[in-house]
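K.L.:
For reference, the sequence and a predicted model appear below.
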Amino acid sequence: MAQPTPVRGLSPDSELGLAARRILVARLADIRKPEAKLGDSFDEEAVHDMRVATRRLRAALQLFRSLGLGKLEPQVKRLQDALGGVRDLHVQSEWLRTVAMEARKEKPSTRADITTLGKTWLAGLEAHEARLRRELERWRSRTLPLLLRKVDALEDPHRFVGRRVKKPLDWRVRRVRKRMDVYADSPDAASAHALRKDLKKLRYELEIVQPALRRTLGALVQVFAPLQEGLGELHDADVRLEMFERLAARGKPRERKAARALLPLIRDGRAKSSAEVARELQRWHAEAIPRRLIHVVA
């Protein structure tokens with residue numbers, strides 16, 4: 001995952017308006033880098049990096065919503081969702097290509113069915129790419145110019161890491177802790193996905209204040225990556241499981257055959273991802289990470 005542009009020279013006592021301007025400019029720069037690689041075709045890495053960059057920009061807009069930026073966040077989400085549609089197909093199609101190459105134990109006809117299924121999925125990529133092109137045009141012609149005007153006009157003399165920023169951070173940490181409790185009680189796809197979304201939002205929001213709280217926050221932010229990656233792999237497995245169970249029950253004959261051959265592999269992969277998430281959650285609790293985060297943002 002691409003790292004955010006570093007923002008230096010900020011302290012907890014920096015003016016909120018100044019900090020917001022510098023951070024938002026950095027987040028916009030993170031979007032423009034992969035955007036430059038999206039031309040007639042959509043490079044997989046560039047799509048992924050731009051999607052992550054839009055998430056980070058949304059996190060900044062949400063954290064600085066006291067400055068009147070909250071209304072811009074849904075506009076950025078439109079672009080993120082369009083990027084997500086393309087990215088999700090990239091991920092699942094790549095998985096199918098890998099499985100098709102490794103399916104040596106299957107009959108030749110079954111391997112052929114798996115390859116055909118991958119091509120069928122890729123046929124849907126054109127519609128997602130068309131949507132992404134429309135949203136990129138909207139981003140360049142409407143959303144980005146409006147964002148730049150808003151950023152240039154930001155002024156607020158309050159402390160950067162003061163109540164206006166700490167309050168939403170504290171809320172997010174407590175929400176993640178609650179999501180962890182819900183997942184522990186019922187580790188299903190819905191609770192895992194909800195935890196994954198809020199964990200990502202918390203990580204990106206903490207990255208915003210990290211330049212000003214480097215000593216107390218630096219090491220804590222690093223522990224997010226393994227859990228976030230594990231939840232991401234678990235989500236991909238849950239998406240595949242739902243797709244292939246549906247195909248096994250209601251797909252065309254060749255789709256049903258391929259789905260039945262792949263379901264044991266998908267279930268095994270999900271079990272491994274679930275176990276990895278469980279280990280990381282145990283680590284979070286053993287090291288009291290949620291409590292330490294609440295202490296930092298209090």
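P.N.:
Perfect, thanks for sending it.
K.L.:
Mean confidence (pLDDT) on the strand or helix carrying Ala53, please.
P.N.:
Element membership for Ala53, per DSSP states H and E: helix 44-63. What helix 44-63 shows for mean pLDDT is 95.
K.L.:
chain center to the following helix or strand past that helix, what's the gap?
P.N.:
Under the assignment DSSP H and E, the closest C-terminal helix or strand after helix 44-63 is helix 73-102. Remark: helix 73-102 is offset 11 Å from the chain centroid, using Cα atoms, centre = their mean, to the nearest Å.
K.L.:
In helix 73-102, which residues are buried?
P.N.:
73, 75-80, 82-87, 89-93, 95-96, 99-100 (16 or more other Cβ atoms under 10 Å). For every residue, glycine as well, the C-beta is placed using N, CA and C.
K.L.:
on contacts alone, who are the packing partners of that helix?
P.N.:
Packing partners of helix 73-102 (3 or more Cβ pairs under 8 Å, 6 or more residues apart in numbering; DSSP states H and E): helix 44-63, helix 108-123, helix 125-138, helix 224-250.
K.L.:
Pick the most buried one from these.
P.N.:
With neighbours taken as mean count of other Cβ atoms under 10 Å, those reach their highest mean count in helix 44-63, at a mean of 21.
K.L.:
still on that earlier bit, can you say which of the helices and strands packed on helix 73-102 is nearest to Glu205?
P.N.:
helix 44-63 (4.9 Å; Cβ to Cβ).
K.L.:
export stretch 284-293 as CSV, just CAs?
P.N.:
Only the C-alpha atoms of stretch 284-293 are listed here, as CSV (Å, rounded to 0.1, in the frame of the first residue of the first chain):
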residue,chain,number,x,y,z
TRP,A,284,-4.3,-6.0,20.3
HIS,A,285,-6.0,-7.1,23.6
ALA,A,286,-2.8,-8.5,25.1
GLU,A,287,-0.9,-5.2,24.4
ALA,A,288,-4.0,-3.1,25.4
ILE,A,289,-3.8,-1.2,22.2
PRO,A,290,-7.4,0.2,22.2
ARG,A,291,-6.8,1.5,25.8
ARG,A,292,-3.5,3.0,24.9
LEU,A,293,-5.0,4.8,21.8
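K.L.:
who's in contact with it?
P.N.:
Stretch 284-293 is touched from outside by Val173, Val176, Arg177, Met180, Leu202, Leu206, Leu220, Val223, Leu227, Arg283, with contacts defined as Cβ atoms under 8 Å, 6 or more residues apart in numbering.
K.L.:
Now do it: distance to the chain's middle.
P.N.:
On Cα atoms, centre = their mean, the centre of stretch 284-293 falls 22 Å from that of its chain.
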